[in-house]
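> Would you be able to build a 3D model of this:
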Amino acid sequence: MQHQLQQTTVDKYIINPLKSFISNSVMGGVVLLGAAIIAMILANSPWSESFLGFWKNRISIGFNDTVFLDYDLHHWINDGLISIFFFVLGLELKREMVDGQLSGFRNAVLPIIVGISGMIFPALIFFLFNGSDTQAINGWGIPMACDIAFVLGILYLLGDRVPVSVKIFFTAFGIVDDIGAVLVIALVYTNEISIWSLGLGLLFFILLILANKIGVRSTLFYGIVGIIGVWIPFLLSGVHATIAAVLVAFTIPATTKISEKGFLSKIKSYSGELDKTESLSGVTLTKGQLNIIKKMKSMTKHATPPLQRLEHSLHPVVSFIVMPIFALANAGV
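Numbers count the residues shown, from 1 in each chain. Predicted structure coming up:
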């Protein structure tokens, strides 16, 4: 069987440059910064009212006369779309904790301490300046949260000039800080928390942990249960739904169904079979060739941890869709 990679004019001048653009981490930061600048310009232009009013349009999900979810577009972005960003951050964080720069207690403890300190000290500073004001003192939880999305966006804007260890550190302590601050907001500033919804979400979260333990590797399963069983109940509970995204990310398996040695052995075997097959006179493949390639594709999938598979596929979505839309909706100062 002869192998020849052919590139068309479309591949050369459109597809390949587009792939190069998307794979460049700096470009994601540039798009994020551009979206933030556009938002600020529009917010201070003659179209300000229309631009800011656009995010107040409501989107409802229901059946017949029963409405389950009813939020404005701004809320859907900040609790829904941005959850994809926190899901990917959770995947990165788990990968580093399993087999990276945060593996082991000594490596993980510093960003955890910094994250907790990043909540406590701003609150103490707030108390220092507002302790005598009985009304203002109730806002002590406001300075506890950092905007990790924009911080990491700026870091990725600098590309390879920022060490990977710095990005991982900021990701880790930012997630700790965000989870802690969101819990404070949920427990102290939320008028009503639905314990039933929160309990239901935690129950499905435990189900995902058990699925990981027994060897379930289907990303579709984790996606359906994660969104319907964990994210939606957290959204309805009054607790910030981005916490659900991070929790679900930590249940995604980081192991494979086949070892590296077993994978190489199987691929070599399939390659030998494929090399022995006779090709058709045209450009199409025989049924035997298709069957062998299908087996190779399945084997490659089993040799890639679901965690890394999802992380790799969602990075462009986060960089070029999620973060720019988040910036447009929130940077209109």
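> helix or strand for the residue lying closest to S45 once chain neighbours are set aside, which one?
If you skip the residues right next to it in sequence, S45 has F51 as its closest partner in space, 7.6 Å away by Cβ to Cβ, 6 or more residues apart in numbering. C-beta: built from backbone N, CA, C; applies to glycine. Assigned by DSSP states H and E, F51 belongs to helix 48-54.
> next one: L198
With DSSP H and E as the test, L198 turns up in helix 195-213.
> buried residues in that helix?
By neighbour count, and taking 16 or more other Cβ atoms under 10 Å as the criterion, the buried residues in helix 195-213 are S197, L198, L200, G201, L202, F204, F205, L208, A211, N212.
> Could you do stretch 266-285 as well?
Under 16+ other Cβ under 10 Å, the buried positions of stretch 266-285 are K266, Y270, L274, L285.
> Ok, stretch 110-124 next?
For stretch 110-124, burial by neighbour count (16+ other Cβ under 10 Å) applies to P111, I112, V114, G115, G118, M119, P122, A123.
> what's the answer for stretch 324-331, then?
If you call a residue buried by 16+ other Cβ under 10 Å, then stretch 324-331 has these buried ones: P324, F326, A327, L328, A329, N330, A331.
> And for stretch 285-305?
Judged by neighbour count (16+ other Cβ under 10 Å), stretch 285-305 contains these buried residues: L285, Q289, I292, K295, M296, M299, A303, P305.
> Repeat that for stretch 71-90.
Applying a neighbour-count criterion of 16+ other Cβ under 10 Å, the buried positions in stretch 71-90 are 71, 73, 75-90.
> quick one: low-confidence ranges for this protein?
The model of the chain has pLDDT under 70 over residues 1-26, 145-150, 152-154, 156-160, 182, 185-187, 189-191, 280-283.
> before we move on, back to that, do I have it right that the residue nearest to S45 meets V333?
No - in this structure F51 lies outside contact range of V333 using Cβ atoms under 8 Å: 12.0 Å.
> Please say which of those two ends up with more neighbours.
Neighbours of F51 and V333, each counted by other Cβ atoms under 10 Å, are more numerous for F51; the result is 18 against 8.
> how far away is that one from M40?
11 Å (Cβ to Cβ, to the nearest Å).
> And R309, by the same measure?
Applying Cβ to Cβ, the value for R309 to M40 is 37 Å.
> the more surrounded of the two?
Shown here are R309 and M40; by other Cβ under 10 Å, R309 has more neighbours (17 against 14).
> Confirm G62 sits in a strand?
Yes - secondary structure of G62, determined by DSSP: H, G, I helix; E, B strand; the rest coil: located in a strand.
> So what pairs up with it in the strands?
Legend: beta-bridge partners of G62 under DSSP bridges are V67.
> In contact with it, which residues?
Residues in contact with G62, defined by Cβ atoms under 8 Å, 6 or more residues apart in numbering, are F68, L69, D70.
> Would you mind putting the buried residues of helix 195-213 into CSV with distance to G226 alongside?
Compiled in CSV, the buried residues of helix 195-213 are given as follows (distance: Cβ to Cβ, whole Å):
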residue, distance to G226
S197, 15
L198, 16
L200, 13
G201, 10
L202, 13
F204, 8
F205, 9
L208, 7
A211, 11
N212, 12
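> list the residues that contact both of F51 and V333?
Counting by Cβ under 8 Å, 6+ apart, the contacts common to F51 and V333 are A39, A43.
> so which helix or strand takes in the residue nearest the centre of the chain?
Relative to the mean C-alpha position of the chain, the nearest C-alpha, by Cα atoms, centre = their mean, is the one of V88, at 2.5 Å. Under the assignment given by DSSP H and E, the secondary-structure element containing V88 is helix 82-99.
> Can you name the next helix or strand after that helix?
On the C-terminal side of helix 82-99, the closest following helix or strand by DSSP H and E is helix 105-130.
> Next, the angle helix 82-99 makes with that following helix.
140 degrees (axes from the mean of the first three to the mean of the last three Cα atoms, to 10 degrees).
> from the chain's centre, how far out does helix 105-130 sit?
Averaged C-alpha coordinates place helix 105-130 at 24 Å from its chain's average position (Cα atoms, centre = their mean, to the nearest Å).
> name the helices or strands packed onto that helix?
With contacts defined as 3 or more Cβ pairs under 8 Å, 6 or more residues apart in numbering; DSSP states H and E, the secondary structure elements packing on helix 105-130 are helix 164-184.
> residues making contact with the helix it packs on?
Outside helix 164-184, the residues within contact range by Cβ under 8 Å, 6+ apart are 86, 89-90, 92-93, 96, 100-102, 108, 110-112, 114-116, 118-119, 141, 144-146, 148, 151-152, 155-156, 239-240, 242-243, 246.
> Same check on stretch 286-299?
With Cβ under 8 Å, 6+ apart as the criterion, stretch 286-299 contacts 1, 258, 263, 266-267, 270-271, 273-274, 277-280, 285.
> Can you pull the domain assignment for this structure?
With domains defined by automatic domain parsing, the chain comprises 25-246+316-330, 260-299.
> how about the CA coordinates for the helix holding F51, as PDB?
Included here for helix 48-54 are C-alpha records, laid out as PDB according to Å, rounded to 0.1, in the frame of the first residue of the first chain:
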ATOM      1  CA  SER A  48     -23.700  52.000  24.200                       C
ATOM      2  CA  GLU A  49     -27.300  51.500  25.200                       C
ATOM      3  CA  SER A  50     -27.900  48.800  22.500                       C
ATOM      4  CA  PHE A  51     -24.600  47.000  23.300                       C
ATOM      5  CA  LEU A  52     -25.200  46.900  27.000                       C
ATOM      6  CA  GLY A  53     -28.900  46.100  26.600                       C
ATOM      7  CA  PHE A  54     -28.100  43.100  24.300                       C
END
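> This completes my enquiry, with thanks.
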